[in-house]
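Undergrad: Give me a model of this one.
(one chain, ligands or ions: 2)
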Amino acid sequence: MTMLEVDQFSVRYHSVVALNKISLRVEPGHVTTVIGPNGAGKTSLVNAIMGLHDYSGTLRFPFAPDATRTTEARVKARITLVPESRDLFGQMSVVDNLRLGAYIDRYQPRNEREGRLKEVFRLFPRLRERQSQLAYTLSGGERQMLALGRALLLRPYLLMLDEPSLGLAPLIVAEIFRIIQTLKDDGVSILLIEQNARAALKVADYAYVLENGTVTLEGKASDVANNPRVLDSYLGLGHKG
Ligand SMILES: Nc1ncnc2c1ncn2[C@@H]1O[C@H](COP(=O)(O)OP(=O)(O)OP(=O)(O)O)[C@@H](O)[C@H]1O
Ligand SMILES: [Mg+2]
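TA: Ligands and ions are numbered 1, 2, ... in the order given. As a prediction, the model looks like this:
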């Protein structure tokens, strides 16, 4: 069953229209990417989907119909967002940040939660090494791993990532995209917001180009990657290959 459907979906900030009647789908087990320039409305989209601000139009999670009611209902339905800001607790250690991520699942047996923590440490050995370090002292890449690790403790069905590669060095970007591929192989449905169009289109099944609050192009990721306008504006001749 489809994980997410938005139709005629709009977000406004007073007089500013951030999203203007867009439609989008996330199919199960797919990576769906939304690429687009600064200010296109990408963060507004995922924040509104998560229930963090108002929208008009239709928002549905067909796999979990009740999830549209509140942000908490979405989290309970294992819909989660790794925000652009990462939202870590700087004065807390790595492991405490992770434990807090799992806390929403407090009705789950403790040993199950600990098992999941081990899984996250397997995926991110760096976090295991640094588990007692305070979050604010982590590097940008480590912070992104921590934010992603915390989201994974919820065992998400629908995982939304808002520019996970933002500000990271190429090697770390490659590692983040490897993890996205692993999650996809595990069957997690992913809505990936990215400005790194090349990496995003490689891992994605389906892609939307969002410009100025409107979807200007959509299609299979491989087709979008070969679209002349996308090649020109987002993949740039210098980045080809
Ligand atoms: N709280 C707000 N109040 C007023 N305008 C806002 C607010 N948040 C976002 N906007 C505006 O809405 C538009 C879309 O912003 P948004 O953050 O969704 O873009 P984005 O695609 O995520 O950009 P970026 O790639 O820079 O993160 C921008 O013009 C922005 O200035
Ligand atoms: Mg943004």
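Undergrad: Quick one: residues contacting residue 224.
TA: Applying CB atoms under 8 Å, 6 or more residues apart in numbering to residue 224 gives the contacts 201, 207, 209, 217-218, 230. All C-beta atoms are positioned from the backbone trio N, CA, C, and that covers glycine.
Undergrad: swap the cut-off to 6 Å and go again
TA: 207, 230 (CB atoms under 6 Å, 6 or more residues apart in numbering).
Undergrad: and residue 65, how many residues sit next to it?
TA: 10 (other CB atoms under 10 Å).
Undergrad: May I have the residues that are in contact with it?
TA: Shown in contact with residue 65 (CB under 6 Å, 6+ apart): no residues.
Undergrad: switch to 10 Å and redo it
TA: Listed by CB atoms under 10 Å, 6 or more residues apart in numbering, the contact partners of residue 65 are residue 77.
Undergrad: try the one 3 residues further on
TA: Taking CB under 10 Å, 6+ apart as the definition of contact, the neighbours of residue 68 are 49, 51, 58-61, 74, 77, 79.
Undergrad: Determine which two of those residues are furthest apart.
TA: 58 and 77 (17.3 Å; CB to CB).
Undergrad: Neighbour count for the two, which is higher?
TA: Set side by side, residue 58 and residue 77 show more neighbours around residue 77, with 19 against 12, by other CB under 10 Å.
Undergrad: wait, that one sits on residue 66?
TA: Yes: with contact defined as CB atoms under 10 Å, residue 77 counts as touching residue 66 (7.2 Å).
Undergrad: which parts of the protein sit against ligand 2?
TA: 42-43, 84 (CB under 5 Å from the ion).
Undergrad: leaving aside the residues next to it on the chain, what's closest to residue 100?
TA: Using CB to CB, 6 or more residues apart in numbering and skipping the chain neighbours, the partner closest in space to residue 100 is residue 89 (6.8 Å).
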